[in-house]
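Asker: Give me a 3D structure for the following:
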Amino acid sequence: MKPSVLVIQLACLLLPCSVAAGSPSGQPHRLPDPLGYVSDFAGALDADWRARVRSVCQDLERKTGVELVVVTVHASAPLPNAQAYASALYEQWGIGTAQQDYGMLMLAVVGERQASVTLGRSLIPVISPKVLEEIGSRYLEPAYRNGRIGEGLYRATVALASASQDIRVNAPKPKRSRGLGVVLTAGMFSLLLFFLWWISRPDRRHPFPRLRRGEYWGSGQGGFGGNFGGFGGGMSGEGLK
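Answerer: Sure, this is the predicted structure:
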């Protein structure tokens with residue numbers, strides 16, 4: 001019997017999925033509670049792969065602020081498919097709420113060979129359908145085909161984390177120096193006024209007034225005169241013979 005083809009679905013959570021999360025009677029479906037970064041309800045992961053997936057999710061949130069959760073279930077019931085189930089979990093668990101919708105949920109429905117990735121609105125421009133298609137064809141389809149779900153989910157988790165590694169949710173926004181230009185202009189204007197005042201002072205325009213007050217070369221002239229007198233005295237003492 002030929003195995004069914006793995007279905008990779010993208011659920012972009014733009015608005016609350018009240019329809020997907022509700023039953024025909026209008027009551028919300030009973031969904032499991034989260035178990036952390038990895039909720040392996042289907043028992044598809046051994047301890048080693050579960051620890052590896054959890055480590056990637058932890059590092060991603062610590063470095064970028066993006067919250068990534070990986071879930072496995074055996075069947076999508078009572079919801080119609082993997083996409084509806086993943087969207088309902090994303091909303092009910094509040095993934096990415098504290099991170100301004102920087103959240104991702106990757107769901108593997110093991111018994112139905114389906115997978116779905118639900119993105120918060122802020123990650124839609126980052127994780128494109130092309131990226132998800134590549135993740136499905138390279139990692140998840142071989143994992144289902146070869147029965148290596150743990151390895152496939154780990155590699156898919158690494159791929160999602162790599163695609164969003166440049167995001168910084170809590171990075172501080174640069175502050176705008178709105179008054180800096182005004183302060184610089186006022187400072188330059190003050191310096192200009194001081195310079196104009198300085199060069200307009202009468203005693204700075206020409207040194208002659210200071211010469212008349214004897215501020216230039218006064219002591220030099222006196223000393224030179226004394227030396228000249230001494231030199232003259234020497235000449236008169238010698239006499240002309």
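
Asker: how close does Glu91 sit to Gly120?
Answerer: Here the criterion is C-beta to C-beta, to the nearest Å. By it, Glu91 lies 11 Å from Gly120. For glycine as for every other residue, the C-beta is placed from the backbone atoms N, C-alpha and C.

Asker: for Pro32, same thing?
Answerer: With C-beta to C-beta as the criterion, Pro32 and Gly120 are 21 Å apart.

Asker: Pick out whichever of these two has more residues nearby.
Answerer: Neighbours were tallied for Pro32 and for Gly120 using other C-beta atoms under 10 Å; the higher tally belongs to Gly120 (23 against 12).

Asker: Okay, and the beta partners of that one?
Answerer: With DSSP bridges as the criterion, the beta-bridge partners of Gly120 are Leu13.

Asker: shouldn't Glu151 be in contact with Arg50?
Answerer: No. The pair Glu151 / Arg50 is not scored as a contact, 11.7 Å apart, by C-beta atoms under 8 Å.

Asker: Which residue of the two possesses the greater neighbour count?
Answerer: Arg50 (20 against 17).

Asker: Does that one fall in a helix, a strand, or a coil region?
Answerer: Per DSSP: H, G, I helix; E, B strand; the rest coil, the secondary structure class of Arg50 is helix.

Asker: Do you know the pLDDT at it?
Answerer: The score at Arg50 is 97. That number is its pLDDT.

Asker: Now it: closest residue in space that isn't a chain neighbour?
Answerer: Nearest residue to Arg50, sequence neighbours excluded (C-beta to C-beta, 6 or more residues apart in numbering): Val38, at 5.3 Å.

Asker: ok, now which ones touch that neighbour?
Answerer: Contacts for Val38 were tallied using C-beta atoms under 8 Å, 6 or more residues apart in numbering; they are 45, 50, 53-54, 57, 69-71.

Asker: try 10 Å this time
Answerer: Counting by C-beta atoms under 10 Å, 6 or more residues apart in numbering, Val38 makes contact with 45, 49-57, 69-72, 153, 157.

Asker: And Glu61, by the same measure?
Answerer: The contact partners of Glu61, by C-beta under 10 Å, 6+ apart, come to 37, 67-69, 99, 102-103, 161, 169.

Asker: switch the cut-off to 7 Å
Answerer: Contact criterion C-beta atoms under 7 Å, 6 or more residues apart in numbering gives Glu67 as the residues in contact with Glu61.

Asker: Spell out the secondary structure type for Tyr90.
Answerer: State at Tyr90, reduced to three classes by three-state DSSP: helix.

Asker: My read is that it contacts Met106, right?
Answerer: No. The pair formed by Tyr90 and Met106 falls short of the contact definition of C-beta atoms under 7 Å, at 10.4 Å.
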